[in-house]
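Colleague: sequence first, then the predicted structure:
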Amino acid sequence: MKTKFSKRCVHCHDVIETRHVFSKNNQVFLKSTDLLSNDWSPINFQWIPVLKMREQLDTP
């Protein structure tokens, strides 16, 4: 999921913007940013096991 941080003001907390996602048959979809639209688009995303990810992160 994409996140974007933007500062609201000095006295407020940071705002985190998120996107709606769902998966079906190992395909991940992102919802359009248009609030009036109900469009979902497939994205290029590959699931990997957590152990494999940890190994890749630990390797220099």
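Modeller: Thanks, I have the structure now.
Colleague: where does pLDDT dip in this structure?
Modeller: Where the chain drops to pLDDT under 70, the residues are 1-11, 60.
Colleague: helices of that one, residue ranges please.
Modeller: For the chain, the helices defined by DSSP state H occupy 50-58.
Colleague: what's the neighbour count on residue 55?
Modeller: When neighbours are counted by other C-beta atoms under 10 Å, residue 55 registers 11. All C-beta atoms are positioned from the backbone trio N, CA, C, and that covers glycine.
Colleague: check contacts around it.
Modeller: With contact set as C-beta atoms under 8 Å, 6 or more residues apart in numbering, residue 55 has no partners.
Colleague: and it, how close does it get to residue 22?
Modeller: Relative to residue 22, residue 55 is positioned 28 Å away (criterion: C-beta to C-beta, to the nearest Å).
Colleague: how about residue 51?
Modeller: Counting by C-beta to C-beta, the gap from residue 51 to residue 22 is 25 Å.
Colleague: report the beta-bridge partners for residue 27.
Modeller: Residues in a beta bridge with residue 27, per DSSP bridges, are residue 24.
Colleague: burial of the residue nearest to residue 40 when sequence neighbours are not counted, as a residue count?
Modeller: Spatial nearest neighbour of residue 40, excluding adjacent residues (C-beta to C-beta, 6 or more residues apart in numbering): residue 29 at 4.3 Å. The number of residues packed near residue 29 is 15, by other C-beta under 10 Å.
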